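Enquirer: Need a 3D model of the following:
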Amino acid sequence: MKKSAFTMLELVFVIVIIGIISALVIPRMDRDTLFEATNQTLTHIKYTQHLAMTQDIYSDTDPNWFLQRWKMQFYGCGGYVVYSDTNQGGGPDRTESAIDPQSRLFLFTTNTCAENALDYRKVSLRNNFGITGITTTNCGGMDIAFDTLGRPYSANAINGVLKQNCDITITSSSGSEIIRIHPETGYACMLNAAGTVCI
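Expert: Okay, the predicted model is just below:
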């Protein structure tokens, strides 16, 4: 009697372990890569705003201090970089880009969405999520900067705080998703399918 109880208990443990291993090993077939890419981009927009709010870069001795605001630069190829133009060279380079808190890699890619072992590869949305393009509307270009109050600015503008909704459209073969950055506050959210309200 005792032996069959132990055999049954062992069988239950084996089934549970097989179930756990199966859940970890079998890939998800219902993966929504467009949503994943959009959600990651939204997270990095909020991270960029956070960096801007925690690092006051104002300098009364440097007339171009505002060039060093934390910003995201989007590329039409389907990628982006998070950086502060500390050398005021007019564009991002790896040494100026933010570090991803989890992977400890640079949030950096090039305007061809090339990948590098030093960079967090998922910022190249094209290569990792099948994204075919990124466009912006009412953002004043492909760069979005934030000031120490978290307000969104068009790229490199000292007085260019955004006055209307800035929409970032991420497109793949399965459709598109829109991220909206609200004027004045910098509140960022993903829009519903109709593109009318935050979800």
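
Enquirer: ranges for the helices of this structure?
Expert: 2-25, 33-54, 125-129 (DSSP state H).

Enquirer: Lowest average confidence across the ones you listed, which one?
Expert: When these are ranked by mean pLDDT, helix 2-25 comes last with a mean of 71.

Enquirer: on that earlier part again, make TSV out of the helices of the chain and add distance to residue 161 and mean neighbour count.
Expert: For glycine as for every other residue, the C-beta is placed from the backbone atoms N, C-alpha and C. Output for the helices of the chain, formatted as TSV (distance: least, CB to CB, whole Å; neighbours: other CB atoms under 10 Å):
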stretch	distance to residue 161	mean neighbour count
helix 2-25	47	9
helix 33-54	13	19
helix 125-129	27	22
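
Enquirer: Tell me the confidence at the residue nearest to residue 96 when sequence neighbours are not counted?
Expert: Nearest residue to residue 96, sequence neighbours excluded (CB to CB, 6 or more residues apart in numbering): residue 83, at 4.5 Å. Residue 83 is assigned a pLDDT of 96 by the prediction.

Enquirer: now swap in residue 27 and tell me
Expert: Note for residue 27: predicted pLDDT of 60.

Enquirer: again, but for residue 31
Expert: As predicted, residue 31 sits at a pLDDT of 79.

Enquirer: Enumerate every residue touching the residue most central in space within the chain.
Expert: Residue closest to the mean C-alpha point of the chain, counted by CA atoms, centre = their mean, is residue 41 at 2.4 Å. Residues near residue 41 by CB atoms under 8 Å, 6 or more residues apart in numbering: 80, 125, 168, 170, 179.

Enquirer: Residue 68 too?
Expert: Counting by CB under 8 Å, 6+ apart, residue 68 makes contact with 57, 84, 85, 86, 88.

Enquirer: Can you give me the neighbour number for residue 165?
Expert: Neighbourhood size, residue 165 [other CB atoms under 10 Å]: 15.

Enquirer: That one reaches residue 184, doesn't it?
Expert: No: the criterion here is CB atoms under 8 Å, and residue 165 misses it with residue 184 at 10.6 Å.

Enquirer: do you know how far residue 121 is from residue 109?
Expert: Separation of residue 121 from residue 109 (CB to CB, to the nearest Å) stands at 8 Å.

Enquirer: Between those two, which contacts overlap?
Expert: Common neighbours of residue 121 and residue 109, counting by CB under 8 Å, 6+ apart, are residue 115.

Enquirer: Same drill for those two, tell me which one is more crowded.
Expert: Taking neighbours as other CB under 10 Å, residue 121 and residue 109 compare with residue 109 leading, 29 against 13.

Enquirer: what about that one, distance to residue 16?
Expert: In terms of CB to CB, residue 109 sits 42 Å off from residue 16.

Enquirer: just the strands in the chain please.
Expert: For the chain, the strands defined by DSSP state E cover 70-75, 79-84, 131-137, 143-146, 152-154, 166-172, 175-181, 188-190.

Enquirer: which helices and strands does the first one pack with?
Expert: In other words, strand 70-75. Counting by 3 or more CB pairs under 8 Å, 6 or more residues apart in numbering; DSSP states H and E, the packing neighbours recorded for strand 70-75 are helix 33-54, strand 79-84, strand 131-137, strand 143-146.
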